[in-house]
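Peer 1: predicted model and sequence below, questions to follow.
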Amino acid sequence: MTGARHRRHGTGRPPDDRPGDGSDVLAPDRSGAPARHDPVPARRGRGARAGRFWSVRRLPAALIALVVLGCAGLLLYDMAAVRAGRPAMRWRRVLARELADRPLHDVWVLTGAAVAVAIGLWLLVLALTPGLRGLLPMRRDRPGVRAGLDRQAAALVLRDRAAEVSGVRSVRVRMGRRRVRVRTVSHFRDLDDVRADLDTVLGTGIGELGLARKPRVSLSVRRPAKRG
């Protein structure tokens, strides 16, 4: 009888559980999948410094590697042939003779030196600059996470925002890393009112892009050209 009453009015708790104060408290479920949580806490404040993305530069590296490999292989083959008792290749004999006979102020010598210096400077620029100018770095609000925004995509977003302003007929947006150039044509409303609305809309749109460096806005509003 006691067991039947216990089954009828049972609470589902183990026999050794103590009744609470009547409030329903849900305990965490430890039997199923692990609880979801954010392993990376959000960074408060300004966040980490977001620099530009560095380009891998696969094409210049591959071209230079192929040229160096070809020249080195040809030179090693010629040197091995000379060691084996065969005459040197004609191109090496001509090059050695020209380098020995031509003076340093010769036009071809100066041209070759200028080309070598230009190639060296180009390689130094590629090695010391990040590249990827079309990718704008975004704010780093979380450590270890980097994001970028394509310049053309950002320009399209700002163009759509500016086109929604009343009185704007056409918009052209050029997105740079430090400046945004916006050229608009307004066919009605006062130009000062249109410019004020565009300043507000563009400022809000640039802030919502989440860029690491907020670019300056260069805005131009004019009337459409009159047809004669």
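Peer 2: Thanks, I have it.

Peer 1: alpha carbons only: can I get the helix or strand hosting Ala153 in PDB?
Peer 2: Assigned by DSSP states H and E, Ala153 belongs to helix 151-163. Taking C-alpha atoms only, helix 151-163 is exported to PDB below (Å, rounded to 0.1, in the frame of the first residue of the first chain):
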ATOM      1  CA  ARG A 151      37.000  47.100 -51.500                       C
ATOM      2  CA  GLN A 152      34.600  46.600 -54.300                       C
ATOM      3  CA  ALA A 153      32.100  45.000 -51.900                       C
ATOM      4  CA  ALA A 154      32.400  47.900 -49.500                       C
ATOM      5  CA  ALA A 155      31.900  50.400 -52.300                       C
ATOM      6  CA  LEU A 156      28.800  48.600 -53.400                       C
ATOM      7  CA  VAL A 157      27.400  48.700 -49.900                       C
ATOM      8  CA  LEU A 158      28.000  52.400 -49.600                       C
ATOM      9  CA  ARG A 159      26.600  53.100 -53.100                       C
ATOM     10  CA  ASP A 160      23.400  51.300 -52.200                       C
ATOM     11  CA  ARG A 161      23.100  53.300 -49.000                       C
ATOM     12  CA  ALA A 162      23.700  56.600 -50.800                       C
ATOM     13  CA  ALA A 163      21.200  55.700 -53.600                       C
END
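
Peer 1: next, the angle helix 151-163 makes with whatever helix or strand comes next after it.
Peer 2: Past helix 151-163, further along toward the C-terminus, the next helix or strand under DSSP H and E is strand 168-175. If you take axes from the mean of the first three to the mean of the last three CA atoms, to 10 degrees, strand 168-175 sits at 160 degrees to helix 151-163.

Peer 1: what sits against Arg183?
Peer 2: Val171, Arg172, Val173, Ser220 (CB atoms under 8 Å, 6 or more residues apart in numbering). The C-beta positions use only the backbone N, C-alpha and C, and glycine is treated the same way.

Peer 1: any idea how far it lies from Leu219?
Peer 2: Separation of Arg183 from Leu219 (CB to CB, to the nearest Å): 8 Å.

Peer 1: likewise Leu158?
Peer 2: Distance from Leu158 to Leu219, by CB to CB: 11 Å.

Peer 1: how about Gly134?
Peer 2: 23 Å.

Peer 1: low-confidence ranges, this protein, go.
Peer 2: Low-confidence segments of the chain (pLDDT under 70): 1-50, 228.

Peer 1: residues contacting the helix holding Ala153, please?
Peer 2: Taking CB under 8 Å, 6+ apart as the rule, helix 151-163 contacts 133-136, 168, 171-177, 180, 182, 184, 198, 201-202, 204-206, 209, 211.

Peer 1: buried stuff in the helix or strand encompassing Val185?
Peer 2: Using DSSP H and E, the element containing Val185 is strand 179-186. Within strand 179-186, the residues scored as buried using 16 or more other CB atoms under 10 Å are Val180, Arg181, Val182, Thr184, Val185, Ser186.

Peer 1: save the residues you listed as a markdown table, and put in distance to Leu121 too.
Peer 2: Output for those, formatted as a markdown table (distance: CB to CB, whole Å):
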| residue | distance to Leu121 |
| --- | --- |
| Val180 | 32 |
| Arg181 | 30 |
| Val182 | 36 |
| Thr184 | 41 |
| Val185 | 43 |
| Ser186 | 47 |
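
Peer 1: quick check: the farthest pair among those?
Peer 2: Val180 and Ser186 (18.3 Å; CB to CB).
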